[in-house]
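J.: how would this look folded up:
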Amino acid sequence: MPMTEKPADSTPDLADLQHWTWVMGRAQQMMMEHGLSAMSETPSAFPTIPGFNDPATIQRAQDFWAQNLTMWQNFLTPGAANATAPEPPAQARDKRFKAPEWRENPVFDWIRRSYYMIADQMLQSVDALEGLDAKQKEQLRFATQGIVDAMSPSNFVLTNPQVLAKTIETRGENLLKGLQNMLADMGRGQMTHTDGGAFEIGRNLAMTPGKVIHRTPLYELIQYTPTTDTVLATPLVIFPPWINRFYILDLTPEKSFIRWCVDQGITVFMVSWKSADASHKDVIWDDYVAAQIDAVDVIRETLNVPAVHTIGYCVAGTTLAATLALLAARDEAEKVASATFFTAQVDFAQAGDLQHFVDDEQLKMIAAISPDGFLDGRYMAMTFNLLRGRDLIWNYVTNNYLLGQDYAPFDLLHWNGDTTNLPSKWHLSYLTDLYRDNLLVQPGALAVAGTPIDLTKVMTPAYVQAGREDHIAPAESVWKMMHIFQGPLRFVLAGSGHIAGVVNPPAQQKYQYWTNDAPAETLDAFVAGASETKGSWWPDWGEWLRARGDETVPAKGARQPGKGKRKAIEDAPGSYVRAR
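T.: Residues are numbered from 1 along each chain as shown. Have a look, this model is predicted:
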C-alpha cells in the first residue's frame, strides 16, 4: 500500500491513515501469530497461572485474536465491513459513539469495534476467573469496568473524530478552553457538571416560603408556609440525607416536592443538617437518631399534636428505621403516625456497588484523610461519580475538557456538586456496622443511646419507595424492608434511579411506577403481578398518607411558621444549607 507523496504541510487523508493503520495492524498481527505459535509449540515455557493458563483461557485468547484478525481483514478489504454482523443493541445505544463518523469512517469504525472487542474480552476474563469468592470477583469486575470506561477511544483527542474535527475547526481553541476547565476543576478538587452561575439557593433553588423555627448544633428545623385554607391535622417532617443538601426536595419551584406537598394541604417541616466541621468530631449515629426524635417532639409541641408523619431519604431513611425501633423499645411508637422511605436500605446484604468501597484499606484511607474529625464532602462526591463513571466522569472529560463545550445548566447536577462534610467517626461506623457487617437487621446487634434495637418490633405503617434503576440503593435491597417491619406496608417501584426516581413531579409526566396489592415474597414476584401507572408516584403516596387520617384543621395560628410556641429564627431555607 504505497503512500502518495504529499506536501509536507498537508493534512493526512484517509489513504494515509489507512496505510499507517495497516502497518501497525500488520506488525501486531505478526507478533500475535508468533506468540500463539510459541504458546502452542512450547507450553512448558509459560508458567502455570491459575485462571490464566488453563485451556479455557487459552481458547478465549485464540478466539480474541481470531476476531481481531477477522476485523483487520474486513477493514483492509473494501466493502467487507458492510458484511459484518449487526452490532448488539447495547452498542447501538451507546451515547459515546452516537456521532455518524464512528460508523461511516472506516478508521474510526475499526477503532470503535476494536475497543468493544477488547473490553468484552477483559470483562469475560474476569467472569471466568476461578479461585475468587463472589465478593472478590464483583470487586474485580467493578474495577475492570472502570478501566474499560477509562480506555474508551472517545476519551482521547486522536481517537475521537468529533474532537479532531473540532480541533481543526477552532485551530485548537477547544483544547485550550478544555484545559482551562480542567485546571479549574483541579483547583477546586471536584469535577464540574453544570454551569456554576445558573443556580443559587434562594434565587431559583430552595424557594418554598417558610421559617427556621428551631436550631441545634446538628440541624435546623424549617416550617413551611401553608398555601391552602385548611391542612391535614397530622403534620409531616422530612429527614433528608446529610450527605447532600436538603434542597434536592426543593429544587426549582416546578420540581419541588416540598412545594407540591404544601399545595396538597400538608403542614411540612424539613430538617436541614449542618455540614460537619471539627466540632462534629464526636458525632455518632446516636446523635442523628436523637436529632430525629427531637424534631418529632418539637413539632408535636409546637402544633400540639400527638403524632407526625415522617419521611426518610436514603441514609436518613436507614436512620429513621432505627428511630422507629428505638421508639418502639421505649413504648413511644405512637409519636410517629407513619413512615415513608425514599430509596432507603436496612438490610445491606445486596447494597450494590458502594460495597466495593468498604474494605480495610478504604476504611484506613478515610480515617487518614479525616484528621480533624470530618470527611471532606468532595470524597463522597468522587465516590458517587465513580459508581457511574461513564456518565459522571468520562462524559464530561469528552464534552468539557476535549471539546471545550460550555457547561449546561442543570439544577439536579448543581445540587449533586453542592457537597457537605460528614462526621468521620459516624461515617466509619456506618460503613463498618451497616455496609460491611450488616448489623442493623440483626435484632439487638446494635444499640442506640444504650438501648438495643430490633427492627422486627416496628409496627408503624410504612410506604416504601424504590427506584428501578437505582445504583446506590438497588431495588432488590430496598425490597428487603418488606420482610422486616411488621406494620401495614406499601411498596412502590418507581421508574429511573436514586434521584430522578424520587424527584418526579406529576406535571412533568415522566417515567412510571408499579404497584401490586397482592402478597409477594420477592421483588420479581412483585413486578410480575404489578400494575404500571404512567407518570409520578407522588399522588399515590398522597392518597396513602390521607388514608392514615384525613382530618383537617384551619391553616391558622401555629400552622403559620413562627406563630406558635416556636418563634421564627430566620427565613427559609436557613443558614445551614449555605454553610461550607
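J.: in the host helix or strand of residue 212, what's buried?
T.: If you go by DSSP states H and E, residue 212 is part of strand 210-215. Residues 210-215 are the ones in strand 210-215 that count as buried (16 or more other CB atoms under 10 Å). C-beta: built from backbone N, CA, C; applies to glycine.
J.: Which elements pack onto that strand?
T.: With contacts defined as 3 or more CB pairs under 8 Å, 6 or more residues apart in numbering; DSSP states H and E, the packing partners of strand 210-215 are strand 219-224, helix 285-303, strand 570-571.
J.: mind listing what the shortest one pairs with, with the direction of each?
T.: The strands that strand 570-571 pairs with in its sheet are strand 210-215 (antiparallel) (by DSSP bridges).
J.: quick one on the thing from earlier: just name the most buried of the helices and strands packed on strand 210-215.
T.: strand 219-224 (a mean of 26; mean count of other CB atoms under 10 Å).
J.: any idea of the mean pLDDT for that one?
T.: Here strand 219-224 scores 98 as its mean pLDDT.
J.: Helix 285-303 and that strand, what's the angle between them?
T.: 30 degrees (axes from the mean of the first three to the mean of the last three CA atoms, to 10 degrees).
J.: what's in contact with the next helix or strand along the chain from strand 219-224?
T.: Tracing the chain past strand 219-224, the next element assigned as helix or strand by DSSP H and E is strand 230-232. The contact list for strand 230-232 (CB atoms under 8 Å, 6 or more residues apart in numbering) reads 265-267, 545-546, 549-555, 559.
J.: Separate out the buried members of those residues.
T.: The neighbour count (16+ other CB under 10 Å) marks 265-267, 545-546, 553, 555, 559 as buried among the contacts of strand 230-232.
J.: For my notes, please list those residues in CSV and give pLDDT and secondary structure for each entry.
T.: CSV is the format used below for those (pLDDT from 0 to 100; DSSP: H, G, I helix; E, B strand; the rest coil):
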residue, pLDDT, secondary structure
265, 98, coil
266, 98, coil
267, 98, coil
545, 98, helix
546, 97, helix
553, 98, strand
555, 98, coil
559, 98, helix
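J.: Now render the residues you listed as JSON lines, adding distance to residue 194.
T.: Output for the buried ones among the contacts of strand 230-232, formatted as JSON lines (distance: CB to CB, whole Å):
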{"residue": "265", "distance to residue 194": "34"}
{"residue": "266", "distance to residue 194": "31"}
{"residue": "267", "distance to residue 194": "33"}
{"residue": "545", "distance to residue 194": "33"}
{"residue": "546", "distance to residue 194": "37"}
{"residue": "553", "distance to residue 194": "41"}
{"residue": "555", "distance to residue 194": "36"}
{"residue": "559", "distance to residue 194": "37"}
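J.: still on that earlier bit, which one of the buried residues of strand 210-215 sits closest to residue 410?
T.: If you rank these by distance to residue 410 using CB to CB, residue 210 comes first, at 25.2 Å.
J.: Confirm for me that the closest one is in contact with residue 560.
T.: No: with contacts counted by CB atoms under 8 Å, residue 210 stays clear of residue 560, the gap being 10.1 Å.
J.: Can you list the residue ranges for strands in the stretch 301-450 of the chain?
T.: 308-313, 336-342, 374-375, 422-423, 447-448 (DSSP state E, counting those that start in this stretch).
J.: Can you spell out which helices and strands pack onto the fourth one?
T.: Contacts defined by 3+ CB pairs under 8 Å, 6+ apart place strand 422-423 against strand 374-375.
J.: Relative to the whole chain's centre, how far out is the strand it packs on?
T.: In terms of CA atoms, centre = their mean, to the nearest Å, the centre of strand 374-375 is set 20 Å apart from its chain centre.
J.: ditto for stretch 475-482
T.: On CA atoms, centre = their mean, the centre of stretch 475-482 falls 17 Å from the chain's centre.
J.: Next: stretch 194-214.
T.: How far stretch 194-214 lies from its chain's middle: 22 Å, per CA atoms, centre = their mean.
J.: Distance across it, terminal residue to terminal residue?
T.: By CA to CA, to the nearest Å, the extent of stretch 194-214 from end to end equals 33 Å.
J.: Any buried residues in it, and which?
T.: 194, 199, 201, 205-208, 210-214.
J.: So, low pLDDT: which residues of the chain?
T.: Within the chain, the segments meeting pLDDT under 70 span 1-85.
J.: let's see 80
T.: 1-87 (pLDDT under 80).
J.: thinking again about what came up before, any chance of the buried residues of stretch 194-214 in TSV, with distance to residue 517 too?
T.: As requested, the buried residues of stretch 194-214 are arranged in TSV below (distance: CB to CB, whole Å):
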residue	distance to residue 517
194	40
199	40
201	41
205	37
206	36
207	37
208	33
210	36
211	40
212	40
213	39
214	39
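J.: now, which of the residues you listed sits nearest residue 241?
T.: Checking the buried residues of stretch 194-214 against residue 241 with CB to CB, the nearest one is residue 206 at 15.6 Å.
J.: what's near enough to touch the residue nearest the centre of the chain?
T.: Centroid-nearest residue in the chain, with CA atoms, centre = their mean: residue 472, separated by 5.0 Å. When contacts are counted by CB under 8 Å, 6+ apart, residue 472 touches 314, 343, 352, 354, 384, 387, 497-498.
J.: Can you report how many residues neighbour the residue lying closest to residue 426 once chain neighbours are set aside?
T.: Computed as CB to CB, 6 or more residues apart in numbering, the closest residue to residue 426 that is not its neighbour in sequence is residue 284, at 4.9 Å. Using other CB atoms under 10 Å, residue 284 has 16 other residues around it.
J.: What of residue 165?
T.: Neighbour tally, residue 165, other CB under 10 Å: 14.
J.: Repeat that for residue 395.
T.: Look at residue 395: counted by other CB under 10 Å, it has 18 neighbours.
J.: check contacts around residue 408.
T.: 194-195.
J.: measure it to residue 190 for me?
T.: Residue 408 sits 17 Å away from residue 190, going by CB to CB, to the nearest Å.
J.: sorry, back to before: so what's the residue nearest to residue 426 up against?
T.: 423, 425-426, 429.
J.: wait, which of the residues you listed is closest to residue 541?
T.: Closest to residue 541, out of all of these and judged by CB to CB, is residue 426, at 29.4 Å.
J.: ok, now which ones touch that closest one?
T.: Taking CB under 8 Å, 6+ apart as the test, what residue 426 contacts is 283-285, 287-288.
J.: List just the nearest of the residues you listed to residue 144.
T.: Of the contacts of residue 426, the one sitting nearest to residue 144 (CB to CB) turns out to be residue 285, at 34.2 Å.
J.: Could you check how far the closest one is from residue 427?
T.: 10 Å.
J.: again, but for residue 448
T.: 17 Å.
J.: One more: residue 362?
T.: 12 Å.
J.: neighbour-wise, which of the two wins?
T.: Higher neighbour count among residue 362 and residue 427: residue 427, with 25 against 14, using other CB under 10 Å.
J.: Not counting its neighbours along the chain, what's nearest the more buried one?
T.: In space, residue 427 is closest to residue 375, 5.5 Å off (CB to CB, 6+ apart).
J.: And for that neighbour, the neighbour number?
T.: Residue 375 has 22 nearby residues by other CB under 10 Å.
J.: likewise the one 5 residues further on?
T.: For residue 380, the neighbour count with other CB under 10 Å is 19.
J.: was I right about it contacting residue 275?
T.: No: using CB under 8 Å, residue 380 makes no contact with residue 275, being 11.7 Å away.
J.: and for residue 210 and residue 560, which residues touch both?
T.: residue 225.
J.: burial count for residue 261?
T.: 24.
J.: Now name the helix or strand holding the residue nearest to residue 301 when sequence neighbours are not counted.
T.: Once flanking residues are discounted, residue 301 sits nearest to residue 565: 6.3 Å by CB to CB, 6+ apart. Take DSSP H and E as the rule and residue 565 turns out to sit in neither a helix nor a strand.
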